[in-house]
Structure formats: C-alpha cells, structure tokens
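**Student:** quick one: sequence and predicted model below, then my questions.
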Amino acid sequence: MAERMGFFTDTSVCIGCKACEVACKEWNELPDDGFVFEATSYDNTGALGASTWRHVAFIEQTRTVRMDGHEEDVDRWLMSSDVCKHCTHAACLDVCPTGALFRTEFDTVVVQPDVCNGCGYCVPACPYGVIDRRQDDGRAWKCTMCYDRQLGGLEPACAKACPTDSIQFGPLDELRERAAGRLAGLHADGHTEARLYGESPDDGVGGTGAFFLLLDEPEVYGLPPDPVVTTRDLPAMWRWAGAAAVSMVGVVAAAFLESRVSGNRVPAGRSLVGGVLGRGAPGRGVLGGRGRW
Amino acid sequence: MVKRERAMVPEAEFRSYYGRPVIKAPIWHEPHMPTYLYLGGMSGASSLMAILARYTGYPGLARTARVAAAVGSAAGAVLLAAELGRPERFLNMFRLFKVTSPMSVGSWILAAQGGLAALAATSELTGILPVAGDAAVLASGLTGPLTATYTAVLVADTAVPAWHEAHRELPFLFAGSALASAGAVGLVAAPRAEAAPARAVAVAGSVLETVAGVVMERRLGLLGEPYRLGRAGRLMRAARALTVGGAALAAVSGRGRTLAVLSGLALTAGALCTRFGILEAGRASAADPKYTVIPQRQRLDARAEPSAAPPDEREPANRT
C-alpha cells in the first residue's frame, strides 16, 4: 500500500472564497444541488451531501477581548472548508453490505458507483453526516479525495484551487507534523483557542485522514465534538440481540407447554399468567434477559 | 452515573452550526422500512410458533404459523428491494458476507428464513415432501428469532443517537413486538380451539415489548425524548395503548371469536405503530443537533474532569 494520504484544512487562513467547492464540482462533474438562499450567512450551500463534497462554513461571532486594561467587543468570522474525513475506522465502509465502499491504496474511503445499490445504510452510519444518497440517481456519493487525480499523481482539485493553502494535501504523517507546528505557532501568538480536530489516532474513529485546525469548538462548525464509529459497539449489540432471540424461544416454548399442560380448559386469564411468568426452564429466558438490565 | 443525571437537566445548553443537524437522518422510506420491520418480526416469531405447534399437537395453528412466516418474509423481502435506490441491484446484497454490516448479515438471515419458511409452507399446503417441510420448519427455529431481532442491531448500528444508545433494549422491544405480531395472526387466523398458545404468545410479547420500551426511555434520559415528542411520540403512545389493550382483549378472547379478531387487529396495529414510531424517533433524534452534541460534549467533559485544569482555562474566552 502506498503512503496514507490526507487533507489538513487549516481554517485559520481560510478566506471563505469557496474555490474548493467550485473546483470539486467542476472536476468531479457533480450536479447542482439546488440554488437556496439560506439567509443566515454567506453560506448558501448548507452542508455536505451527495453532490457537495466540499462545504465552506461561515460563522460570525462577537467576543469580548481585553485590550490595554479595558474590555472591548471584537467581531470575527470563522470560515472552514468541510470535507469527508476518510476515517481510520470508517462506519460507512463497515456497514456497507455490498462492498461498494472500499479502502484505496491511499488509505482513503471511496464508493464504487457501479456496485452501490442505494441501500442507504452508510447515510445514517456516518458520525459526521457526510455521505448521502442522490435522489434522482439512487446511489450514495461522497468525496473520493480525487482518487482519479491521485492515481495520476495530481493533488485533489480542492487543494489545488485553494488560494491560501488552507487546504493542504499530502502524506498524513507529514501533514500531522506541519499541523503541530502551526498549532504551536498560533498558541505562541496568543491564539489559545486554536485546536486540532481529527488528527489524534486515539479518537473514536481512530483518527481521520482529513483533519482540521479549528478556532472554536467543533460543534460551532457543525462537527460532532466526540465522534465514535458506530461499529465499535457492534459486538455488544449482537450479544443483546442474541439474548433477545433466546428469550423469544423461551417465551414461545413456555406459552405452548403451559397451554398443553393446562389442556386449554383453564380460563384464559389464569392460563396467560402462567404463560407470561413461565413455568420451569423456558420462562427464565424472559426474566433472565430482563434481569440483566 | 454522571451522564444520566446531566441528561435529565431540561434546558441543557449547546452550540451548533445554525441549528443544523450534525448527522444525516435515515433516508429509509415509509411505509417500506417500518412495514418490513413488522413483517420480519412477524415471520420470525411465527416460525417459532410453527415448530412448537407442530410438535405439541396444534396442527391448525401450525399451518397458520407456517403460512404467516412464509408470507411475512416474502412480502418483507419485496419491500426491502423496493426500498433500494437501485432495486435492480438487489442481488448485490449477496456479493459478500460481511460481519461488520448488520445489513449484509441480515440479508443472508432473511434469505435463509424466506427460503425455509416458503418450503415449510408449501409442504404444509400441498402435502408433498412432508419430511423436508418439517426439517425446514425446524431449521427456521434458528433463522426465525434472528430475523426478528437482527433488525434491532441494524438500526442501532448507526450514528442516530436515539437508536445507537438504545442498543440494549431495542432487541427486546423488537422481540416482544414480533411475538405480539405473530400471536395476533394466530388469534385472527388459527382455529379457535387451538388459539390458546397464540393468546399466551401475544400477551407475553406485549408485556416484553412494553417493559422493554419503558426501560429504554428511562435509561436513555435526554435521548428518550425523541420517543415521546411530536409524531414519534404520538405513534409510540398509540402503539402502547393498542398493544396493552390488544393484550387485555387477548387475555379474555377465549370467550368469543369477535374478541379474538379484535384483539389480533389491535395488536397488529400496535406493532405497526411501534415500528413507524421507532423510525420517526430515529429521524427526529438525527434532525436535532442537540441529541448529537450534548451527549458527546458530556462525554468529553466527563473525560476532562479528572484533570486539574479549571474550566475557564480549558475553554478560551471566546464564547459568544
């Protein structure tokens, strides 16, 4: 496998020009996703989606800053270009039943449009709300980190188009080093609110292939503060489902054996009490299952 | 549990991007998806009833249950295929057997359940290959309960907060609902003289579903809210009333055919309301960023608490 490639999006130098959004649409020939006037900010794109693989967020803030002994309200704008995170532990990839989603030699996560049958499972599985199904087309789509361009030795279209190098593309290890340096520099300059998001392999998705330098909490940018790959709990889920399945067998067995013993002659009221509470072994299925809560 | 206590605070503050959802809501359609959940559950529990009825001397109920299991899984599979964005690629579900994907595992379970149930029902109705039919119905003793409960893993294995965090109780809720559904079919369609076990299954299933639902909403705290509010809340309340009412009717339904049919219809309506309500609650919890942000923020804060850093140092003074 080739080196793991990634994006480092340094939002502290993003100017909100949306060249990344346009370049992505152009290169990947993405259809428009409606022309909406959101009337909340300069962001009229709204969110990542099936046909929006880069999305620039605009946040306008007023904060109180201490200057020369007095306090003053200062406005600031936060701008950030969001993208698929290409997680180390990718939920979309885990839950895809057809194998349409796969991990490339660049350690990125890509959908194969000729395999996807549009089951839609990846859509609610993603902890970042990235991947979506295109209505008219019926299949799921998301950022490929320009897999085709990478195969040709080119950087992704968004990184190529970014005029301030807010979007940086390269080997992930190199980007992490660069980001640590940038963060230290910002902290030294007094921007203590700067933080990295997604760069740590210890987070709930094992670190992301596309990580960010943010100037506020992740949720302000529409990002989940502590994302966890849903399949982390899958073994526990199967255990609970197994217990429930065994309980079903117990309930049905108890219902029949009880009805047989009572020979259908016992009034219904008394019969069902026996069926519910169980008699002997089968009834333990229900109570055993509930007892575990 | 710190998390739970905090979740009970009614007006928890959180920040978001213009109130937009963080995650994407499930795109599964109504009525396809929730109706499939009902049919799969009904089919799975009916298979279990078919086995017990076959070997404890209820031939009429056994026949009803075999047919119900076959019809349920076949109709469910049709709904699932129609649900796809590309229905003509339905067979791509069988390209792999992928343990990390409950939908892949579930497709194989449903295929096995559908095949076995169809064989068992055909043998029952035509009288041919009785041994194969019995073998199939016995084998569906494994696939049936899995068909009824894997769907809880299917919905829980998502980032949808009200589903994911409910992954303990949902399988029991689904199992109870499935039992009530299958019992209801027995009450309506089986010979009256053989309805006693179906009655007991229906009542026990209703109790299991109701208890699991109550426990789930309590334990979820803040994330129990989507099951109580709006359309999901109305559906879940209707489901509970119909299920409890249907079970009460079932308990006295030995007295008359009309009572049995009414009870079966109420239980079926209750089971359908449960499935539609679960889908709606999941959608609601995905659509409101508070259900995603607040629990995650609390998790982070709980992790940060052991450190000595005072909160105002952890958070720079840039809160708006």
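**Tutor:** Ah, there it is. Numbering: from 1, shown residues only, chains lettered A, B, ... in the order given.

**Student:** need the strands for the stretch 51-200 of chain B, in chain order.
**Tutor:** Using DSSP state E, counting those that start in this stretch, no strands are found in the stretch 51-200 of chain B.

**Student:** OK, contacts around residue 100?
**Tutor:** I went with chain A, as the question did not name one. A:111, A:112, A:113, A:115, A:116, A:117, A:140, B:92 (Cβ atoms under 8 Å, 6 or more residues apart in numbering or on different chains). Glycine gets a C-beta too; all of them are placed from N, C-alpha and C.

**Student:** please refer instead to chain B.
**Tutor:** Contacts for residue B:100 were tallied using Cβ under 8 Å, 6+ apart; they are A:94, A:95, A:231, A:234.

**Student:** how many neighbours does the residue lying closest to residue B:25 once chain neighbours are set aside have?
**Tutor:** Once flanking residues are discounted, residue B:25 sits nearest to residue B:286: 3.9 Å by Cβ to Cβ, 6 or more residues apart in numbering or on different chains. When counting by other Cβ atoms under 10 Å in any protein chain shown, one arrives at 26 neighbours for residue B:286.

**Student:** in the strand or helix carrying residue B:286, what's buried?
**Tutor:** Element membership for residue B:286 (DSSP states H and E) is helix B:257-287. Buried residues in helix B:257-287, defined by neighbour count with 16 or more other Cβ atoms under 10 Å in any protein chain shown: B:259-287.

**Student:** go on, stretch B:19-28?
**Tutor:** B:20, B:21, B:22, B:23, B:24, B:25, B:26, B:27, B:28.

**Student:** start and end of it, how far apart?
**Tutor:** Distance between the two ends of stretch B:19-28: 23 Å, counting by Cα to Cα, to the nearest Å.

**Student:** off-centre distance for that stretch?
**Tutor:** Chain-centre distance of stretch B:19-28: 21 Å, with Cα atoms, centre = their mean, to the nearest Å.

**Student:** and stretch B:190-203, by the same measure?
**Tutor:** 22 Å.

**Student:** distance check, residue B:271 against residue B:61.
**Tutor:** Residue B:271 sits 19 Å away from residue B:61, going by Cβ to Cβ, to the nearest Å.

**Student:** repeat that for residue B:204.
**Tutor:** Relative to residue B:61, residue B:204 is positioned 16 Å away (criterion: Cβ to Cβ).

**Student:** likewise residue A:140?
**Tutor:** 44 Å.

**Student:** just the CA trace of stretch B:120-133, in CSV.
**Tutor:** C-alpha atoms of stretch B:120-133 as CSV (Å, rounded to 0.1, in the frame of the first residue of the first chain):
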residue,chain,number,x,y,z
ALA,B,120,-42.3,-25.3,5.1
ALA,B,121,-45.5,-23.6,4.0
THR,B,122,-45.5,-25.2,0.5
SER,B,123,-45.1,-28.6,2.1
GLU,B,124,-47.8,-27.9,4.5
LEU,B,125,-50.3,-26.7,2.0
THR,B,126,-49.6,-29.2,-0.8
GLY,B,127,-48.7,-32.2,1.4
ILE,B,128,-45.7,-33.0,-0.7
LEU,B,129,-42.2,-33.6,0.9
PRO,B,130,-43.5,-33.6,4.5
VAL,B,131,-40.1,-34.6,5.9
ALA,B,132,-38.4,-31.7,4.1
GLY,B,133,-41.1,-29.4,5.3
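
**Student:** show me the contacts for the residue in the stretch 1-150 of chain B positioned nearest to chain A.
**Tutor:** Closest contact between the stretch 1-150 of chain B and chain A, by Cβ to the nearest Cβ, is at residue B:85 (2.0 Å). Under the criterion of Cβ under 8 Å, 6+ apart, the contact list for residue B:85 reads A:116, A:117, A:118, A:119, A:120, A:133, A:134, A:137, A:138, A:139, A:140.

**Student:** do a quick rundown of the helices in the chain.
**Tutor:** Picked chain A for this. Assigned by DSSP state H, chain A shows helices spanning A:19-28, A:91-95, A:122-125, A:147-151, A:157-161, A:172-188, A:234-262, A:268-277, A:284-291.

**Student:** actually chain B
**Tutor:** Assigned by DSSP H, the helices in chain B fall at B:2-7, B:32-55, B:59-83, B:102-126, B:130-156, B:161-164, B:170-189, B:196-220, B:230-251, B:257-287, B:289-304, B:311-314.

**Student:** packed most tightly, which of those would that be?
**Tutor:** Mean neighbour counts were compared across the helices of chain B using mean count of other Cβ atoms under 10 Å in any protein chain shown; the top stretch is helix B:170-189, at a mean of 31.

**Student:** chain center to that helix, what's the gap?
**Tutor:** That offset, for helix B:170-189, works out to 10 Å (Cα atoms, centre = their mean).

**Student:** now that helix: average pLDDT?
**Tutor:** The predicted model assigns helix B:170-189 a mean pLDDT of 98.

**Student:** could you identify the most distant pair in the contacts of residue B:100?
**Tutor:** A:95 and A:234 (9.1 Å; Cβ to Cβ).

**Student:** ok, these two, which is more surrounded?
**Tutor:** residue A:95 (28 against 20).

**Student:** could you check how far the more buried one is from chain B?
**Tutor:** Between residue A:95 and chain B the distance is 5 Å, computed by Cβ to the nearest Cβ, to the nearest Å.

**Student:** just residue A:217 next, same as before
**Tutor:** Per Cβ to the nearest Cβ, residue A:217 is found 6 Å from chain B.

**Student:** quick check, pLDDT for that residue.
**Tutor:** Predicted confidence (pLDDT) for residue A:217: 97.

**Student:** give me the below-cutoff pLDDT ranges for the chain.
**Tutor:** As the question left the chain open, I've gone with chain A. For chain A, applying pLDDT under 70 flags the ranges A:1, A:262-293.

**Student:** my bad, chain B
**Tutor:** Short version for chain B, where the test is pLDDT under 70: B:1-12, B:306-320.

**Student:** how about 80 then?
**Tutor:** Per-residue confidence for chain B (pLDDT under 80) gives these ranges: B:1-12, B:305-320.

**Student:** residue nearest the centroid of it?
**Tutor:** Geometric centre of chain B, nearest residue: residue B:174, 3.5 Å, by Cα atoms, centre = their mean.

**Student:** what residues are up against it?
**Tutor:** Here residue B:174 is in contact with A:244, B:37, B:41, B:148, B:149, B:151, B:152 (Cβ under 8 Å, 6+ apart).

**Student:** next one: residue A:10
**Tutor:** Contact partners of residue A:10, counting by Cβ under 8 Å, 6+ apart, are A:165, A:166, A:168, A:179, A:182, A:212, A:213.

**Student:** before we move on, what about residue B:178?
**Tutor:** The neighbourhood of residue B:178, defined by Cβ under 8 Å, 6+ apart, consists of A:248, B:40, B:41, B:42, B:44, B:45, B:148, B:149, B:205, B:271.

**Student:** excluding sequence neighbours, find me the nearest residue to it.
**Tutor:** residue B:41 (3.0 Å).

**Student:** isn't the one you found right next to residue B:183, touching?
**Tutor:** No. Assessed by Cβ atoms under 8 Å, residue B:41 is found out of contact with residue B:183, at 11.4 Å.

**Student:** and of the contacts of residue B:174, the nearest to residue A:260?
**Tutor:** residue B:148 (23.2 Å).

**Student:** what's the closest non-adjacent residue to that closest one?
**Tutor:** residue B:44 (3.2 Å).

**Student:** and the stretch 201-320 of chain B, which residues reach chain A?
**Tutor:** B:201, B:203-205, B:207-208, B:211, B:215, B:219, B:250-255, B:282, B:286, B:289, B:292-293, B:296-297, B:299-300, B:315-320 (Cβ under 8 Å from any Cβ of the partner chain).

**Student:** give me the number of residues near residue A:147?
**Tutor:** 16.

**Student:** tell me who's in contact with it.
**Tutor:** A:104, A:106, A:108, A:110.

**Student:** most surrounded residue in those residues?
**Tutor:** residue A:108 (24 neighbours).
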